[in-house]
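Asker: Would you be able to build a 3D model of this:
(2 chains)
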Amino acid sequence: MTQAPPVTESDTSLAMAEPGSSLWHDAWLRLRKNKLAVFGGVTLILVTLFCVAGPWLSPYTYEQQDFAQYAQPPSAKHWFGTDKLGRDQLTRIMYGGRISLGVGICATLVSLTIGVMYGALAGFLGGKTDAAMMRIVDILYALPFTVFVILLMVAFGRNIVLLFVAIGAVEWLTMSRIVRGQVQSLRKQEFIEAALALGLSRRRIILRHMIPNVLGPVAVYTTLTIPAVMLLEAFLSFLGLGVQPPMSSWGTMIKDGAELMEEFPWLLMIPAAFFSLTLFSLNFLGDGLRDALDVRTSKD
Amino acid sequence: MFRFIAARLLQTIPVLFVVATLAFFMVRLMPGGPFDAERSVPPEVERELAAYYGLDKPLARQYLDYLGQLIRGDLGPSFKYANRSVNEMIASTFPVSLQLGGLALGLALLFGITAGVLAALRPNSAMDYVASGISMTGICLPTFVLGPLLILVFALNLRWFNASGWFDASDRVLPALTLGIVYAAYVARLTRGGMLEILSQDFIRTARAKGASEARIIFRHALRGGLLPVISFLGPAAAGIITGSFVIETIFQIPGLGRHFVTSAFNRDFTMVTGIVVFYAVLIVFFNLLVDIVQVWLNPKLKF
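Answerer: Purely as a prediction, here's the structure:
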């Protein structure tokens, strides 16, 4: 009997890519049929483009104050009006969107990294380690987390990096549960047994064989985590604990608008509309992805 | 059942311990102390203040003292409000928040369950789409957007209600509605899903075959099982209503515990913040326990 050739990187990735691509292709076909999800996806792309590229086309800058143009309603010159310092609201919406979307994505990445690593490890190790690790998650679930995020923000200054680390650090629990469940069911399958029999290291099995197979549920839950995180950021900003001036997110703009809504309602309506539209789109897209990939995620 | 409750009660102890510890150390590690705002206090007064509140002792000692107090149910004196204890402050502001939260949850259950049942009875009908549409709107319109919008329309333009305050019954309407509507939306979605699943089961068909009226089928047979997802959602909902109260009480200027918590955090009122966090944790943990018990009681499949 000849010795089996050593398993190389390319071998394994080829083996992985075949069934993977057809699953994703099927999902894409199903997703395209879901009108709401397509609407969500397209809106999301447009909003992102608007926020990222918009400021390059705008004649106004983010901080440029024009007291002669104090709190103007929408007009040909200022499409979305101006705020109480005479700043162009259209431009500020674009910059605010960059911050809101940016915090949403960064904080989600933080939670994704922690959640996937933790869940994969627990599911893979199994036994008592798994039980202990999941017990910790149960305990953390019972904590009033938003309260701790508020404490963190008050305690350690309100800088933006801390903001998404804090949010990310509390949003990973559900992700870790989902990943653990997936990994546990994968562990019993033959190809993992084969990998173990081949003597691959645990690290390698987790990184190359387990994680690619849990990508579906992870992708779905990630899409649903982004709006949750954006909501939390806006919530903190609304209380005055999130993004600090001169930076502003949609959350701080809603807060500022709410203070002046009686005289200048557009200062509240427009940021609120953008924020809600983005949340809508992300939720529809996430729901659509879930149906398309046919994964069951339970929120708790 | 008794063993189940006892076991769950025991499990709450480590949770509360972790909360108290985290809250204590996070608050103590904050830069800036509670007496920073007072102008030029003489050093001896400052020393006396520190001694009165036990701040001159080593941190570990303070921590142990605090745990000892907690076991006796004493949350300590407030740093900012002289001569008032944290217990007193909670006792005077929490009833307001409880009323607000209770009303919000009640509204959520009433509207949510009604809309969910109606939608489930006629799936894919106009009623179903309207209910789903409203619940999606509720999910995407956060309280801090909805609150100001409701004030704008119903208080400032139509003048039906006051824009802020907490004096007579009409002042309860807008805050409770703002806080409850998101949860009404979730409850409606969960009820619809749960009811659809139950209504397709054999025992419902049997009941129909026996000639039971539609009302009897819904109220007597289907709701018990169909509401299970709603019951398990009540735990997270209660936690959400507590955090929601921070925003609502700020927007509507309601003198409740939520607004008080936010102010205390800004003021670095150490004992107050730690005390309120522990209080919220106890509240949430016991509410979850209650939810679990109800769930076991309603669902014959879960036996302990």
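Asker: As a check, name the ranges of all helices in the stretch 51-200 of chain A.
Answerer: Using DSSP state H, counting those that start in this stretch, the helices of the stretch 51-200 of chain A run over A:89-125, A:127-141, A:145-155, A:160-170, A:173-187, A:190-197.
Asker: of all those, which lies closest to B:I204?
Answerer: Ranking the helices of the stretch 51-200 of chain A by proximity to B:I204 (CB to CB) places helix A:173-187 first, at 30.5 Å. For every residue, glycine as well, the C-beta is placed using N, CA and C.
Asker: Run the angle between that closest one and helix A:127-141 for me.
Answerer: 160 degrees (axes from the mean of the first three to the mean of the last three CA atoms, to 10 degrees).
Asker: helices or strands next to helix A:173-187 in the packing?
Answerer: Under the contact criterion of 3 or more CB pairs under 8 Å, 6 or more residues apart in numbering or on different chains; DSSP states H and E, helix A:173-187 touches helix A:89-125, helix A:127-141, helix A:215-238.
Asker: ok so, going back, adding mean pLDDT and mean neighbour count, write the helices of the stretch 51-200 of chain A out as CSV.
Answerer: Formatted as CSV, the helices of the stretch 51-200 of chain A follow (pLDDT from 0 to 100; neighbours: other CB atoms under 10 Å in any protein chain shown):
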stretch, mean pLDDT, mean neighbour count
helix A:89-125, 86, 22
helix A:127-141, 81, 14
helix A:145-155, 77, 21
helix A:160-170, 79, 20
helix A:173-187, 83, 21
helix A:190-197, 85, 13
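Asker: which SSE is A:G242 in?
Answerer: Using DSSP states H and E, A:G242 is not contained in any helix or strand.
Asker: give me every residue that touches it.
Answerer: A:M153, A:R158, A:L163, A:E233, A:A234, A:F235, A:L236, A:S249, A:G251, A:T252 (CB atoms under 8 Å, 6 or more residues apart in numbering or on different chains).
Asker: Now it. Nearest residue, chain neighbours left out?
Answerer: Nearest residue to A:G242, sequence neighbours excluded (CB to CB, 6 or more residues apart in numbering or on different chains): A:L236, at 3.7 Å.
Asker: Surely the one you found touches A:V154?
Answerer: No - using CB atoms under 8 Å, A:L236 is not in contact with A:V154, being 10.2 Å away.
Asker: circling back: please convert the helices of the stretch 51-200 of chain A to CSV, extending it with distance to B:F17.
Answerer: Converted to CSV, the helices of the stretch 51-200 of chain A look like this (distance: least, CB to CB, whole Å):
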stretch, distance to B:F17
helix A:89-125, 22
helix A:127-141, 10
helix A:145-155, 15
helix A:160-170, 19
helix A:173-187, 19
helix A:190-197, 38
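Asker: For B:M136, which of those helices is the nearest?
Answerer: helix A:89-125 (19.1 Å).
Asker: can the closest one be found next to chain B?
Answerer: No - Helix A:89-125 stays clear of chain B (CB under 8 Å from any CB of the partner chain), getting no nearer than 12.4 Å.
Asker: At the geometric centre of chain A, which residue do we find?
Answerer: A:I226 (2.6 Å; CA atoms, centre = their mean).
Asker: Isn't that one up against A:T108?
Answerer: Yes - counting by CB under 8 Å, A:I226 touches A:T108, with 5.0 Å between them.
Asker: Could you pick out the residues of the stretch 151-300 of chain A near chain B for me?
Answerer: Going by CB under 8 Å from any CB, the residues of the stretch 151-300 of chain A near chain B are A:151-152, A:154-157, A:227, A:231, A:234-235, A:238-239, A:251, A:254-255, A:257-258, A:261-262, A:265, A:268, A:272, A:275-276, A:279-280, A:283, A:299-300.
Asker: Quick check on those: which are buried?
Answerer: Buried members of these, counted by 16 or more other CB atoms under 10 Å in any protein chain shown: A:151-152, A:154-155, A:227, A:231, A:234-235, A:238-239, A:251, A:254-255, A:257-258, A:261, A:265, A:268, A:272, A:275-276, A:279-280, A:283.
Asker: Could you report the neighbour count for A:L289?
Answerer: Residues within reach of A:L289, counting by other CB atoms under 10 Å in any protein chain shown, total 25.
Asker: Okay, and it sits in which element?
Answerer: Short version, using DSSP H and E: A:L289 is in helix A:266-293.
Asker: Give me the helices and strands touching that helix, please.
Answerer: Where contact means 3+ CB pairs under 8 Å, 6+ apart, helix A:266-293 is packed against helix A:9-33, helix A:35-57, helix A:89-125, helix A:215-238, helix A:250-259, helix B:126-140, helix B:143-150.
Asker: Tell me the buried residues in the helix or strand containing B:E44?
Answerer: B:E44 belongs to helix B:43-52 when elements are defined using DSSP H and E. For helix B:43-52, burial by neighbour count (16+ other CB under 10 Å) applies to B:L49.
Asker: For that helix, the averaged confidence score.
Answerer: For helix B:43-52, mean pLDDT rounds to 72.
Asker: Run through the neighbouring helices and strands of it.
Answerer: Using 3+ CB pairs under 8 Å, 6+ apart, helix B:43-52 sits against no helix or strand.
Asker: right, quick check: the next helix or strand after that helix against chain A, any contact?
Answerer: Using DSSP H and E, the helix or strand that follows helix B:43-52 in sequence is helix B:59-71. No - Helix B:59-71 lies apart from chain A when judged by CB under 8 Å from any CB; the minimum separation is 15.2 Å.
Asker: So what's the gap between the very next helix or strand once past helix B:59-71 and the chain middle?
Answerer: For helix B:59-71, the succeeding helix or strand toward the C-terminus, using DSSP H and E, is helix B:86-121. Here the centre of helix B:86-121 is set off from its chain's centre by 8 Å, with CA atoms, centre = their mean, to the nearest Å.
Asker: quick check: mean pLDDT across helix B:86-121?
Answerer: Here the average pLDDT along helix B:86-121 is 87.
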